[in-house]
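J.: I need the structure of the sequence given here:
(chains A, B and C)
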Amino acid sequence: MAAQPDTAALDRLIAERLDALLPQKLAELRAAKTPSMTIISTKGTLDWAYPPFILASTAGAMGWDVSMFFTFYGLGLLRKDISDLKVSPLGNPGMPMKMPFGPDWFKGINWNIPNAVQAIVPGFETMATALMKQTIQNKGVAGVAELREACIEGGVKLIGCQMTVDLFGYTRDDFIPEVKEYCGAAHFLPMARDADVSLFI
Amino acid sequence: MAAQPDTAALDRLIAERLDALLPQKLAELRAAKTPSMTIISTKGTLDWAYPPFILASTAGAMGWDVSMFFTFYGLGLLRKDISDLKVSPLGNPGMPMKMPFGPDWFKGINWNIPNAVQAIVPGFETMATALMKQTIQNKGVAGVAELREACIEGGVKLIGCQMTVDLFGYTRDDFIPEVKEYCGAAHFLPMARDADVSLFI
Amino acid sequence: MAAQPDTAALDRLIAERLDALLPQKLAELRAAKTPSMTIISTKGTLDWAYPPFILASTAGAMGWDVSMFFTFYGLGLLRKDISDLKVSPLGNPGMPMKMPFGPDWFKGINWNIPNAVQAIVPGFETMATALMKQTIQNKGVAGVAELREACIEGGVKLIGCQMTVDLFGYTRDDFIPEVKEYCGAAHFLPMARDADVSLFI
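T.: Take a look at the predicted model:
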């Protein structure tokens, strides 16, 4: 027959053990959990396509659960052909790009010329885009389409914002078939809540 | 009279039960907690006013605790009259806006014309703003002032950055009376720490 | 000799005590933990240098563990001399800067003139930068270099993105010696996961 335990003593013991064990148990639970990240991808230029795709493909390759929500200008990054992405140094005096080819003296030239000149030179944006693509290629950095492919291979979930599809006059057929889900903020927010890291890019 | 428990056996038992019960108890605690989000809203243009207000009003409608900290250019979103917000396609070649009216061939035109042309056409920004407003209205998407109102109705806490008020020469009278609190980063950071999701927009 | 405890009764007791104690124990653990923040700093202009340095220096002064990852255009903020940072109102119609000196009627002038004028006035960016610096100084707000110094004094960890160093043709000698670490996204993501707050700026 079981003895009656001393409840007060047991309470104290349980509280003590909890103090002693909880940090370790929580750390174990955390270590056992797959890390997760959600990214709200809102920009549609060549340069700003890099941060979300680099972060997501890296996390995907590390085995993280990653969901990307493409909304606003970022939705364009899900189009079938994204070879037309452009970069504009206009209004971004922080862009420190140097000439990607030519003799050394030429390579030292920062091609982010003043806005006053950029704005009146037809095709400056096209030239800036070509120069950035060349720089990226010279340095062995992957292109945006390749990084998107790496995201898909790494199991990153690509989600389109349905409101933006409607607002910008897209149809779902404009996007790659790997986009399995279209939803709105109400559906996305709980994913962000559950994630270890959530970034608005 | 209470029996003396076998401490070592009890320790093992408590550790075992903790292993078995902790994940479920943590999930219960989490489910019982109101989700929360903080948003640092830093941009003051018509287009970039949408993401913070859409995310916050959606979360508010879902019963989340939401605090928005309006700082830098974002502070202007708290002004009484925000009908003057503008959008500029300059320096944003990722803006895919199509003509919001007219015959079909006209609607297919992407009005994000090259910077070289934009920059020298007086009033281009005004035209772009009008076209975007028309597109938004055509699609039945709420205006920025309505979304801000929805935030207020959903219990979203609107907080102004006092340093920005001073820096940009505003007075508190410039802002809607629903802004109950003005503070700085030191006051806001602990709110971000406590939130499930924190976004810098 | 120890009595044999009633296992089922003990299980119930342990579950009950866990329910009662867990919220408080978790709160205690949390209160005992140093708050932490990671910031991904991606922009390189004078105005956008403020948010990461203000948030990081404030958190550092409050005793938080803060790590800043400088990547893309943000890497330039780690250069030895950052007195050349510029601001451009081009493409940012949300910039509400008033004249920082002169008689009252002059101070009321918003110098964010239309893009069409900005773009064709040589040196407009330089003038805008000078006016913003004057405004900042008039209001007693610290300069960017001072804020970076405050970050270092507050123990904020400054980390450079190695891929960006290569892409933009920098050498580590271009940066302040307080940058002790250069790494990539794979190294940074686990830091973000462990942090209470992670922001992409």
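
J.: The closest residue to residue A:62 other than its chain neighbours: what's it in contact with?
T.: Nearest non-adjacent residue to residue A:62, counting by C-beta to C-beta, 6 or more residues apart in numbering or on different chains: residue C:186, 6.4 Å away. The C-beta positions use only the backbone N, C-alpha and C, and glycine is treated the same way. Listed by C-beta atoms under 8 Å, 6 or more residues apart in numbering or on different chains, the contact set of residue C:186 reads A:58, A:61-62.

J.: Mind checking which of those residues are buried?
T.: Listed as buried from those are A:58, A:61; burial here means 16 or more other C-beta atoms under 10 Å in any protein chain shown.

J.: any chance of the contacts of residue C:186 in JSON lines, plus pLDDT?
T.: Shown next, in JSON lines, are the contacts of residue C:186 (pLDDT from 0 to 100):
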{"residue": "A:58", "pLDDT": "98"}
{"residue": "A:61", "pLDDT": "98"}
{"residue": "A:62", "pLDDT": "98"}
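
J.: Need the contact partners of stretch A:7-15.
T.: B:2, B:5, B:7, B:10-11, B:14, C:10, C:13-14, C:17-18, C:21.

J.: what is the mean pLDDT for it?
T.: The predicted model assigns stretch A:7-15 a mean pLDDT of 85.

J.: what secondary structure does the residue in chain A that chain B sits nearest to sit in?
T.: Residue nearest to chain B within chain A (C-beta to the nearest C-beta): residue A:44, separated by 2.7 Å. What DSSP: H, G, I helix; E, B strand; the rest coil gives for residue A:44 is coil.

J.: So which bits of stretch A:57-76 are buried?
T.: For stretch A:57-76, by 16+ other C-beta under 10 Å, it's A:57-61, A:64-76.

J.: and the residues you listed, which of them are in helices?
T.: The helices, defined by DSSP state H, take in A:57-61 from the buried residues of stretch A:57-76.

J.: Which one of those residues is nearest to residue B:135?
T.: Lowest distance from residue B:135 to these (C-beta to C-beta) belongs to residue A:57, with 32.6 Å.

J.: tell me the contacts of that closest one?
T.: A:147, A:150-151, A:154, A:156.

J.: What about those residues, which are in helices?
T.: Among the contacts of residue A:57, the members falling in helices (DSSP H) are A:147, A:150-151.

J.: And the closest residue to the residue of chain A closest to chain B other than its chain neighbours, how far from residue C:126?
T.: Leaving aside its chain neighbours, residue A:44 sits nearest to residue B:94 (2.7 Å; criterion: C-beta to C-beta, 6+ apart). Taking C-beta to C-beta, to the nearest Å as the criterion, residue B:94 is separated from residue C:126 by 27 Å.

J.: Go through the contacts of residue A:57 and say which is closest to residue C:38.
T.: Closest to residue C:38, out of all of the contacts of residue A:57 and judged by C-beta to C-beta, is residue A:156, at 20.4 Å.

J.: after the worst-scoring helix or strand of chain A on mean pLDDT, next one along is what?
T.: Every helix and strand in chain A was compared by mean pLDDT, DSSP states H and E; the lowest is helix A:115-120, with a mean of 57. Helices and strands here follow DSSP states H and E; after helix A:115-120, the next one along the chain is helix A:124-138.

J.: Give me the buried positions along that following helix.
T.: Neighbour counts over helix A:124-138 (16+ other C-beta under 10 Å) mark A:124-125, A:128-129, A:131-133, A:135-136 as buried.

J.: now do stretch A:163-175
T.: Buried residues in stretch A:163-175, counted by 16+ other C-beta under 10 Å: A:163-165, A:167-170, A:174-175.

J.: next one: stretch A:34-42
T.: Neighbour counts over stretch A:34-42 (16+ other C-beta under 10 Å) mark A:35-42 as buried.

J.: Kindly state the pLDDT recorded for residue A:113?
T.: At residue A:113, the predicted lDDT confidence score is 56.

J.: Kindly report the same for residue A:180.
T.: Note on residue A:180: pLDDT of 89.

J.: same question, residue A:191
T.: Per-residue confidence at residue A:191 stands at 97 (pLDDT).

J.: measure the residue nearest the centre of chain A to residue B:173 for me?
T.: When C-alpha atoms, centre = their mean is applied to chain A, the residue found nearest the centroid is residue A:52 (2.1 Å). Residue A:52 is 40 Å from residue B:173, where distance means C-beta to C-beta.

J.: and if you look at residue A:74?
T.: Shown here: residue A:74 relative to residue B:173, a distance of 37 Å by C-beta to C-beta.

J.: Could you check the longest helix along chain A and say which residues are buried?
T.: Scanning chain A for the helix with the most residues, using DSSP H, yields helix A:7-32. Judged by neighbour count (16+ other C-beta under 10 Å), helix A:7-32 contains these buried residues: A:10, A:13-14, A:17-18, A:21-22, A:25.

J.: Show me which of the residues you listed is closest to chain C.
T.: Nearest to chain C among the buried residues of helix A:7-32 is residue A:14, at 4.5 Å by C-beta to the nearest C-beta.

J.: Tell me who's in contact with the closest residue to that closest one other than its chain neighbours.
T.: Among residues not flanking residue A:14 along the chain, residue C:17 sits closest, at 4.5 Å (C-beta to C-beta, 6+ apart). With contact set as C-beta under 8 Å, 6+ apart, residue C:17 has these partners: A:11, A:14-15, A:18.

J.: Give me the below-cutoff pLDDT ranges for chain A.
T.: Residue ranges of chain A with pLDDT under 70: A:1-5, A:96-124.

J.: from chain A, which residue is nearest to chain C?
T.: Taking C-beta to the nearest C-beta, chain C has its nearest neighbour within chain A at residue A:94, 2.7 Å off.

J.: Can you pull the phi and psi angles for that residue?
T.: Phi and psi for residue A:94, reported as degrees, to the nearest 10, are phi -90, psi 10.

J.: wait, it sits on residue C:70?
T.: No: with contact defined as C-beta atoms under 8 Å, residue A:94 does not count as touching residue C:70 (11.9 Å).

J.: Residue A:140: neighbour count?
T.: Neighbours of residue A:140 under the rule other C-beta atoms under 10 Å in any protein chain shown: 9.

J.: What strand or helix carries it?
T.: Going by DSSP H and E, residue A:140 is not part of any helix or strand.

J.: And stretch A:143-152, what's buried?
T.: Within stretch A:143-152, the residues that qualify as buried are A:143-145, A:147-151, counting by 16+ other C-beta under 10 Å.

J.: who touches that stretch?
T.: The contact list for stretch A:143-152 (C-beta under 8 Å, 6+ apart) reads A:46, A:49-50, A:53-54, A:56-57, A:60-61, A:66, A:68, A:77, A:82-83, A:85, A:133, A:136-137, A:142, A:158, A:176, A:178.
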